[in-house]
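S.K.: Structure for this input, please:
(one chain, ligands or ions: 1)
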Amino acid sequence: MKIVFATNNRHKLEEVSQILGPAFTLLTPADCGLTEEIPEDRDTLEGNALQKARFVKERTGYDCFADDTGLEVAALGGEPGVRSARYATDGHDHAANTALLLKNLGGKADRSARFRTVIALILGGREYLFEGEVRGEITEVEAGDKGFGYDPVFRPDGYAQTFAELPAEVKNRISHRGEAVRKLAEFLRTGIDNK
Ligand code: ITT
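M.R.: Here you go, the predicted structure:
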């Protein structure tokens, strides 16, 4: 099955295509001739995921899905949350975002956090949402060079290593995105929304 993934993040593209496996071929906005930046200025993950998917559907005519993900840190009142990509700057500066997170958490005893992903799918004129989350802790220092974004400082519950130290297969098996993408895949295969 061919489906358009409304993302400009190549790390996400790689993860999602690994999770979906060979039965699905993912097309990017660029593959559909769309080079404009995809807007994401809503104040919830659901709002942003729908905004991205609707933008690509309107511009290209293709059914598609989009992922919006946030890191929610308890001691920071759920921040950076929906602003995870733009926490430190207007851009997607992963190093600056991570440094700011560690600084803001300095001295706090509670380092619990979760990643949450919302996927919006537009198919046959209808919209569907799928969610996934993983709970864990923000480490004191960065560790590992796999993954992307906040992975070097996120240690999932039940593991001694960060997402950036764990093999991609392990991250994909237990992650926020893994859970949401498997729900999406199940729906695409069977037509049953098990959200
Ligand atoms: P899109 O083109 O799909 O919008 P994006 O990078 O803007 O890509 P999001 O807004 O969903 O993606 O993600 C917000 C930020 O959260 C992202 O820039 C990363 O820094 C971080 N992030 C998302 N998923 C992550 C993951 O699995 N591990 C670590 N950090 C992640």
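S.K.: Which single residue of the chain ends up nearest the ligand?
M.R.: Gly149 (2.4 Å; Cβ to the nearest ligand atom). (C-beta placed from N, C-alpha, C; glycine too.)
S.K.: which non-adjacent residue is nearest the residue positioned nearest the centre of the chain?
M.R.: Against the mean C-alpha coordinate of the chain, by Cα atoms, centre = their mean, the closest residue is Thr69 at 3.7 Å. In space, and not counting its chain neighbours, Thr69 is closest to Thr117: 4.5 Å by Cβ to Cβ, 6 or more residues apart in numbering.
S.K.: so the one you found sits in a strand?
M.R.: Yes. Under DSSP: H, G, I helix; E, B strand; the rest coil, Thr117 falls within a strand.
S.K.: And whatever helix or strand Gln51 lives in, how far out from the chain middle?
M.R.: Secondary structure assignment for Gln51, by DSSP states H and E: helix 45-60. Remark: helix 45-60 is offset 14 Å from the chain centroid, using Cα atoms, centre = their mean, to the nearest Å.
S.K.: So which elements touch that helix?
M.R.: Judged by 3 or more Cβ pairs under 8 Å, 6 or more residues apart in numbering; DSSP states H and E, helix 45-60 is in contact with strand 64-73, strand 112-123, strand 126-138.
S.K.: got the buried residues for that helix?
M.R.: By neighbour count on 16 or more other Cβ atoms under 10 Å, the buried set for helix 45-60 is 45-57, 59-60.
S.K.: residues contacting the nearest residue to Arg177 once chain neighbours are set aside?
M.R.: Residue nearest to Arg177 in three dimensions, not counting chain neighbours: Thr117, with 4.8 Å by Cβ to Cβ, 6+ apart. Going by Cβ atoms under 8 Å, 6 or more residues apart in numbering, Thr117 touches Leu45, Asp67, Asp68, Thr69, Glu131, Gly132, Glu133, His176, Arg177, Glu179, Ala180.
S.K.: Looking at the residues you listed, state which has the most neighbours.
M.R.: Neighbour counts for the contacts of Thr117 (other Cβ atoms under 10 Å) peak at Asp67, which has 28 neighbours.
S.K.: Do you know the pLDDT at that one?
M.R.: pLDDT, Asp67: 97.
S.K.: pretty sure Ala185 contacts Gln18?
M.R.: No. Ala185 is beyond contact range of Gln18, at 11.9 Å (criterion: Cβ atoms under 8 Å).
S.K.: Could you check which of the two is surrounded by more residues?
M.R.: More crowded of Ala185 and Gln18, by other Cβ under 10 Å: Ala185, with 19 against 14.
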